[in-house]
Every structure is written in C-alpha cells, then in structure tokens.
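Trainee: here is a sequence together with a model predicted from it:
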Amino acid sequence: MKLSKLAQWIGSNVPCPDADIQWLLTDSRSLSFPAETVFFALRSKRSNGHYFVSELYRQQVRYFVVDELFPEFKTYTDAVFLEVTNVLKALQQIAANHRQSFQIPIIGITGSNGKTVVKEWLYQLLQYDFRITRSPRSYNSQIGVPLSVWLLNENSELGIFEAGISEPNEMAKLQSIIKPTIGILTNIGDAHQEFFGSLKQKCIEKLKLFDQSEVLIYNADSKLIRISIAQSNFAGKLFSWGFDTTSVLQIVKLTKSLHKTEIFTKYRGIEFQFEIPFTDHASIENAMQTLACLLYLDLDMATIAARMKTLETVAMRLEVKEGIRNCCIINDSYNSDLNSLTIALDFLNQQTATNSLERTLILSDILQSGQSLDVLYRVVSELIKSKNIHHIIGIGVEISAHKDKFASLKHSFFPNSESFLISSELFDLHDAVVLLKGSRAFHFETISAKLELMAHETILNVNLNALIDNLNYFRSGLQPQTKIMCMVKAFAYGSGALEVARTLQHHRCDYLAVAVADEGAELRREGIRIPIAVMNPEISGFGIIFDNNLEPEIYSFRLLDAFIAAAERLGIIDYPIHIKIDSGMHRLGFEAMDMDKLLSRLKFQQQVKIRSVFSHLAGADDPDLDDFTKAQFALFTQCADQISQAFSHAIFRHILNSAGIERFPQFQLGMVRLGIGLYGISAVPNYELKQVNTLQTLILQIKTIPAGDTVGYGRKGKVLHEKRIAILPIGYADGFDRKLSNGVGEVLVNAKRAKVIGNVSMDLITIDITDIEAEEGDSVEVFGENLKISEVAQWLNTIPYEILTNVSRRVKRIYFQQ
C-alpha cells in the first residue's frame with residue numbers, strides 16, 4: 001500500500017514520497033521493518049505515543065500519524081508527519097478503506113466468551129478449503145481490529161475476525177472496519193457489564209456488528225439473544241441452532257463419555273451425528289457455532305464429521321518454562337504464521353531484554369501462507385534479523401530448501417522433528433532463550449519435552465496476561481501523573497519475582513518494591529533497571545544496596561544514622577531514600593513527635609536525599625475502620641507537609657495499598673503501592689480482577705479401598721464404605737497445608753470437588769474420587785480459576801497472602817502470556 005493512499009484515506013494533504021507501507025505500528029517496542037512502517041502516536045489515559053516518536057526516528061522510522069507536532073519533530077526533515085485530529089480514528093479509517101478492497105467472505109465473531117476459540121476452530125476446520133486471514137490471538141479491541149483487518153492481502157480468500165467491546169457505542173466503529181458477511185454471536189454473559197444497563201442492552205450493542213451481514217448464526221436456546229435480535233436492526237438471514245425444535249440446526253441428543261461427546265443433530269430434515277474430543281459445555285457450544293458456519297458454507301457432512309474429531313485445544317498463550325543446561329524455553333508450538341511469529345519474537349525480546357543469553361529460534365515450515373516460498377522465507381529472514389535472533393534451527397522440507405536466506409545467522413536445518421531430536425544439535429543448546437514456533441503438524445511438543453527441566457508434576461501456572469490486566473485495572477482509577485510501585489517481595493507473592501518484574505518493567509511500571517536487599521540484588525543481576533525500593537533494609541545489607549542502586553526505606557534514627565555514615569565512608573552524596581511515617585499501624589516508622597529531630601538530622605548532611613515519604617494503612621479493606629483510615633491519612637499529611645516544607649526539591653508521597661486504591665482513590669497522592677491486588681485478590685467484591693496463579697497437580701495412582709480400611713499416616717483416614725481414591729504428588733513441603741487433612745481441604749478433579757482423605761504428608765495427599773470419573777494422569781486444580789484462593793484461605797482461617805507465599809520453590813512455575 002502506498003503512503004500517499006493512506007494519507008488520502010485520512011484526509012491529509014501532506015506531500016508523501018512514493019513509499020510502500022506494509023506495517024501499521026502502535027507499540028514502539030514491536031518494530032520490525034522501519035522502512036515499511038507507519039507509526040500511529042496513540043494517546044491513552046496514562047500514555048502518549050508522541051513521546052516515542054524520537055526513539056522510533058532514531059531507529060529509522062520515517063512515517064508518523066500524529067495529532068500534535070512537537071517542536072523537535074520539525075528537526076526531522078526527512079520524516080513525514082500526517083497530522084490528524086484523532087489518531088485512533090485515522091487508524092480505523094485506514095483499516096476500513098483497506099477492507100473495502102476485498103470482495104471475499106468475512107466471518108465476524110462477537111460475544112462475551114468463546115470468540116477466540118470459535119475463530120481458531122474455524123481456522124482449523126477450513127484451512128484446507130481457503131487461504132485464511134484471521135485476527136492474531138485475541139486482537140479484538142478498537143486497536144486490535146484495525147490491525148487485524150490490515151492483514152488482508154491479495155492471497156486472502158476468507159477472513160475471520162473477532163470483535164470485543166466494553167462500552168456502548170463501540171461496536172459501530174468495529175462494524176465499519178470488519179463489515180462481516182457472516183456473523184456469529186457466541187453468547188452473552190456478565191463480562192464488561194458495568195457500562196451497560198442490562199444484558200439486553202449489551203446484546204443489542206454487540207448485534208450492531210452484523211447490521212449489514214447476510215446471515216447471523218446464534219444459539220436459539222437463549223431467550224435473551226432471540227429477543228435482542230428481534231429488537232435489533234438485523235435484516236439478513238437467521239441461522240439458529242440449539243435444542244429448540246424450531247432451530248435451523250437442531251441438537252437432538254448429546255452422549256458424553258470420559259473424553260469425548262457425540263452430538264446428534266438434524267439439519268434440513270437430515271439426521272447428522274459427529275464427535276468432538278471435549279465434554280465441557282463451552283466446547284460443545286463452540287463446536288455448534290463452527291458446525292453451523294461450515295454447513296452455511298456448504299461443506300459436506302462427511303468431511304465435517306471427520307474434521308470435528310480432530311479439533312484441538314486452542315492454545316492462546318505462550319508458555320515460559322525453565323529448561324535444561326541453563327536454557328529458558330518459550331513454547332508457542334501450536335501454529336506458525338508470519339503474524340504470530342512476529343508476536344512471539346516480540347515476547348522473546350521482552351524476556352531477553354534483561355539478560356545476555358543467546359536468542360535461539362526453532363521454526364517449522366510456515367504452511368499455507370499464500371505467498372511464494374521464496375518471498376515468504378526472505379521476509380522471515382529479515383524479520384528474525386530485525387529481532388536480533390542469534391541462532392535459527394529450521395525444521396521442515398520447505399524452510400530447509402531456503403536455508404540460503406539465513407546464511408548470515410548461526411543456523412542448522414532438519415527435514416523433520418525426529419531428525420532434530422536424534423542429532424547432536426539438541427544437546428548443544430545451552431545458556432539460551434529458546435523460542436519454539438511451529439505448526440502442530442511438526443509435533444514440537446516432543447522437542448519441548450526434551451528441553452524442559454522436569455522436576456515435579458505439581459506446577460504453579462502464572463498468567464502474565466491476568467497480571468497485566470490487573471495492573472491496568474488499578475491504573476484506570478488513577479490520575480495520569482500518579483506513579484505505581486508494584487510489590488515483588490516474597491518471590492512476588494509466590495509467583496516468581498524475576499518473570500513478574502520483567503513483565504512489569506515491560507509495561508512501564510514506575511517502581512518495584514522488595515522486602516530485603518538480596519531480593520533487589522537478584523533482580524539487578526537479571527537486568528531489571530527500574531527503581532527498586534527495599535522495604536525492610538538491614539544494616540548488614542547496606543553494601544548490597546549501594547552496589548545495586550537500591551533505594552532503602554528509612555524508618556528509625558538508628559537506621560538513618562548508620563546509612564548516612566555508610567554513605568559518607570564511600571563518598572556518596574544525594575543517595576535516594578524513602579522515609580517511613582508511623583501514622584497508626586505502629587510497626588516500623590517515625591512518629592509525628594519525631595519530625596523536628598528527623599529534620600534536624602537530614603538538613604545538615606548531604607549523603608542522602610529524600611525521594612519519597614510514605615506510610616502504611618492498617619485497615620483500608622475494612623469499612624468499619626474507615627474513620628481510622630481517614631485519621632491515618634490526616635496524620636500522615638501533617639508529617640509529610642512538615643518534611644516537604646523543609647526541602648526545596650520535590651518529594652512525592654504514597655500511602656495507598658491495593659485496598660486503598662479501590663476504596664480511597666481520593667488519597668492517591670503522587671504514588672500508590674500495588675501488592676495483593678496485582679495478583680488478583682481484591683478487598684471489595686470485584687469482577688474485574690483476574691486470577692493470576694493456578695496451582696495444579698495430577699493423579700499418580702488410583703485405588704479401590706474396601707470398607708474398614710484406613711488411608712495415610714496414623715490411620716486417620718477411615719473408610720466406612722468402599723471408596724475409590726487417588727494419590728496426588730503434593731504435600732506440605734509444596735505448600736499444601738497439613739491442616740487441610742481429613743476432609744477439611746478439597747481439590748477439583750474434572751470440574752468436580754474431591755475431599756482430602758487422611759493426613760496430608762510431606763509429598764503426597766489422597767483424595768476421594770468415588771463419585772468422580774477420572775483416570776491416572778488427569779489434571780487436578782488445587783486452587784485457581786475454579787477453586788478460589790480465598791476459599792482455601794477460609795478453610796485454614798487465614799488470608800490469601802499466606803496461601804500464595806507458602807507455595808514452595810520446588811513447585812515449578814510456568815509462565816504464559818497471550
């Protein structure tokens with residue numbers, strides 16, 4: 001696409017060179033091909049893309065869409081600035097005009113849940129019949145949709161795009177960009193309900209995506225959806241499915257076994273049955289949406305039935321795992337196309353930004369791209385070079401045939417995964433971050449299994465997307481100038497301090513906080529650069545603090561005098577410190593009566609400089625203590641005023657913790673401290689926060705125990721009737737508290753609760769699965785999305801903090817991100 005055409009579409013009269021544009025960029029950290037890129041300087045509540053223009057200019061980007069010309073832009077005489085009134089609107093206009101160039105079927109998908117799964121299943125089922133362009137991962141927002149539609153090209157024969165909204169009046173904008181010919185409404189639930197007066201209002205808003213569609217596929221068993229369609233502007237054909245006998249596609253019967261479901265249907269008077277390898281309600285619903293779409297596209301029933309059996313779980317995440325020989329493994333071995341490769345490489349760069357490990361890419365053939373192989377692998381080569389990959393291992397006949405494109409890199413090529421696995425190359429990998437990026441057909445899971453460090457069947461899954469969403473949720477309640485200090489002490493509340501810190505740094509967190517200096521030093525060794533506060537510094541750790549540029553909390557005269565003396569011995573001046581005020585918690589901190597003495601100590605020295613003054617709230621989560629919280633704030637303000645007035649430099653203040661941010665936003669001051677809320681635990685009923693951690697294990701063995709026998713140490717687990725039990729590899733050494741013994745604790749097996757039988761031992765527990773269909777090897781949830789940490793805490797008469805921080809370090813952490 002010519003730059004001049006883009007300028008015309010957004011109404012810009014700026015003279016443009018005859019440049020070809022391939023990439024629309026909204027995140028400065030994702031730059032790949034500067035000469036072919038236009039950067040859109042988007043504004044948000046807490047960010048301004050215009051601040052990144054200079055950085056991108058230095059990286060050879062020359063084309064920008066802006067709504068303001070900063071003075072320094074005038075010095076970039078070889079750059080083109082297309083000035084508009086609204087940068088986001090300009091991005092959407094370009095995508096909408098681009099969409100008009102394609103007269104092909106476009107499937108648009110919206111709903112509260114299931115959008116991405118339905119999209120990916122349609123891709124799995126239709127990739128043999130069409131060259132498909134689809135939304136990368138979950139790109140369904142006001143920004144994600146135009147970036148997705150921009151991917152349409154001359155090879156596209158079918159487009160599949162998802163659309164998500166959170167407020168009224170958003171869907172019409174997405175409709176003008178996607179313009180779907182075929183519409184799928186998955187379902188309507190409570191997600192993003194806060195801006196809608198009713199579920200019906202939200203449903204009607206979502207239906208605006210299909211205003212000009214020729215057909216709408218929907219679940220006729222939902223009365224809400226039926227009523228909403230009747231009251232909407234939709235005027236096309238209706239393709240209903242469900243148990244309702246008036247449905248175009250009727251479900252006659254479902255037959256479930258342990259790992260599959262047979263679905264009996266009737267369509268146009270013809271009975272048709274098929275099988276899917278899932279049993280949960282959501283998967284059955286998603287399968288029916290895809291079936292209806294395939295029937296509308298006139299695929300024959302025998303082909304559909306054969307393909308439905310092969311449906312695979314949609315992997316919407318990149319997993320980060322510890323590997324052998326000091327390797328870090330990023331597993332994205334589920335699909336391979338140019339767009340998802342770009343996203344995965346950006347994630348790899350995020351992981352390696354703080355270390356010097358070699359960057360290795362194991363890449364399979366990229367199938368069904370629609371491009372000539374010569375052009376495709378030239379683009380792939382240029383892409384991975386732009387992302388600073390050191391070593392590529394190509395697997396597949398096609399990529400091997402084009403190995404000359406990668407000659408400037410350290411490289412090796414194999415015709416298939418099997419030949420790689422028996423080669424010495426696998427054993428030569430060490431001290432590297434390894435990205436596995438491959439199509440399912442290449443079975444990269446076998447490579448992943450060889451590279452992963454296998455230590456324990458019990459794992460803690462850490463959802464970095466949920467962590468980011470929680471960070472942004474708290475950000476949304478703050479003023480743009482308010483800084484955020486994120487707590488990563490206690491191994492980031494059990495989540496793993498390094499990966500959490502890397503993620504927070506990438507998403508422009510202002511400060512991190514640790515408990516002791518050693519924690520901060522470890523982060524510095526791994527390349528974390530943003531400021532780090534030490535909340536409980538010890539005199540013996542001052543050397544570590546100075547060596548690693550950590551900023552101590554100072555809470556007593558003894559500590560202050562010792563720190564000043566240590567700085568003086570090293571010839572240090574103006575070292576940043578954070579003064580702690582005891583405003584009523586009565587733990588660490590200077591009291592109001594200490595202010596004059598404190599100021600006299602600080603005024604006549606030059607070794608330290610106050611960066612901030614802060615305090616801790618004792619009961620911000622408890623409405624019964626609101627008067628005390630307000631009194632704390634008043635006392636803190638009095639002390640902070642006295643300190644600020646004594647110095648000429650700016651000193652920022654902070655008192656709010658997670659509960660305080662939610663309940664007392666008027667006290668946010670210059671910074672807030674985000675702790676347990678970052679990990680998904682709220683002080684108030686809150687449906688916006690997302691579960692970050694899921695502790696899971698598996699069934700090692702299943703036994704049938706006769707009546708009268710006992711289970712476990714001390715014969716405490718008495719079996720009154722014959723029972724079927726399962727043994728799990730988790731115990732109190734992993735953080736599964738011994739007080740959960742003998743029926744106090746429960747776990748989830750195949751979505752059903754199973755009680756603990758007998759005593760919890762160091763490494764094992766036993767559970768009752770008498771009424772649960774399960775097999776050895778089945779996954780078990782200890783806490784997570786379905787069994788909440790707060791419920792486990794109630795069983796133990798404790799708080800979620802303790803549950804999270806008690807998960808042993810011997811439990812392997814697996815990090816994933818969409």
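Mentor: Done, it's in.

Trainee: can you give me the neighbour number for the nearest residue to residue 121 once chain neighbours are set aside?
Mentor: For residue 121, ignoring the flanking residues on the chain, the nearest one in space by Cβ to Cβ, 6 or more residues apart in numbering is residue 290 at 4.8 Å. C-beta coordinates here come from the backbone N, C-alpha and C atoms, glycine included. Neighbour count of residue 290, defined by other Cβ atoms under 10 Å: 26.

Trainee: ditto for the one 10 residues further on
Mentor: Using other Cβ under 10 Å, residue 300 has 9 other residues around it.

Trainee: what do you get for the one 3 residues further on?
Mentor: The number of residues packed near residue 303 is 13, by other Cβ under 10 Å.

Trainee: against residue 291, how distant is it?
Mentor: Separation of residue 303 from residue 291 (Cβ to Cβ, to the nearest Å): 12 Å.

Trainee: now swap in residue 359 and tell me
Mentor: Distance check for residue 359 against residue 291: by Cβ to Cβ, it reads 42 Å.

Trainee: neighbour count for those two, which is higher?
Mentor: Remark: of residue 359 and residue 291, residue 291 carries more neighbours, 27 against 20, as counted by other Cβ under 10 Å.

Trainee: need the contact list for residue 404.
Mentor: Listed by Cβ atoms under 8 Å, 6 or more residues apart in numbering, residue 404 has no contact partners.

Trainee: if I look at it, how far off is residue 546?
Mentor: Counting by Cβ to Cβ - residue 404 and residue 546 are separated by 52 Å.

Trainee: repeat for residue 571
Mentor: 11 Å.

Trainee: what's the answer for residue 230, then?
Mentor: 71 Å.

Trainee: okay, those two: which has more neighbours?
Mentor: A count of neighbours by other Cβ under 10 Å puts residue 546 above the other of residue 230 and residue 546, at 17 against 8.

Trainee: nearest residue to the more buried one in space, please, no chain neighbours.
Mentor: Distances taken as Cβ to Cβ, 6+ apart place residue 570 nearest to residue 546, at 6.3 Å, with adjacent residues excluded.

Trainee: list phi and psi for the one you found.
Mentor: Here is the backbone geometry of residue 570 (degrees, to the nearest 10): phi -90, psi 0.

Trainee: before we move on, back to that, buried stuff in the host helix or strand of the residue nearest to residue 121?
Mentor: Under the criterion of DSSP states H and E, residue 290 resides in helix 281-296. For helix 281-296, a neighbour-count test (16 or more other Cβ atoms under 10 Å) marks 283-296 as buried.

Trainee: now for that helix, which elements pack on it?
Mentor: Counting contacts by 3 or more Cβ pairs under 8 Å, 6 or more residues apart in numbering; DSSP states H and E, helix 281-296 is packed against helix 115-126, strand 182-185, strand 215-219, strand 237-242, strand 249-256, strand 261-267, strand 270-276, helix 301-308.

Trainee: and the residue lying closest to residue 564 once chain neighbours are set aside, what pLDDT?
Mentor: Leaving out its chain neighbours, the residue that sits closest to residue 564 by Cβ to Cβ, 6+ apart is residue 607, at 4.7 Å. Model confidence at residue 607, given as pLDDT, is 97.

Trainee: burial count for residue 607?
Mentor: 19.

Trainee: what's the answer for residue 344, then?
Mentor: 22.

Trainee: so residue 612 makes contact with residue 669?
Mentor: No: taking Cβ atoms under 8 Å as the definition, residue 612 is not a contact partner of residue 669, at 9.5 Å.

Trainee: need the overlap of contacts for the two.
Mentor: Here residue 612 and residue 669 share the contacting residues 652-654, scored by Cβ under 8 Å, 6+ apart.

Trainee: out of the residues you listed, which sit inside strands?
Mentor: Counted as lying in strands by DSSP state E, out of the shared contacts of residue 612 and residue 669, are 652-654.

Trainee: using JSON lines, lay out those together with pLDDT, neighbour count and distance to residue 516.
Mentor: Output for those, formatted as JSON lines (pLDDT from 0 to 100; neighbours: other Cβ atoms under 10 Å; distance: Cβ to Cβ, whole Å):
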{"residue": "652", "pLDDT": "94", "neighbour count": "18", "distance to residue 516": "24"}
{"residue": "653", "pLDDT": "98", "neighbour count": "22", "distance to residue 516": "24"}
{"residue": "654", "pLDDT": "98", "neighbour count": "25", "distance to residue 516": "20"}
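
Trainee: just to revisit the earlier point, just send the shared contacts of residue 612 and residue 669 back as JSON lines, with distance to residue 149 too.
Mentor: Output for these, formatted as JSON lines (distance: Cβ to Cβ, whole Å):
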{"residue": "652", "distance to residue 149": "43"}
{"residue": "653", "distance to residue 149": "46"}
{"residue": "654", "distance to residue 149": "43"}
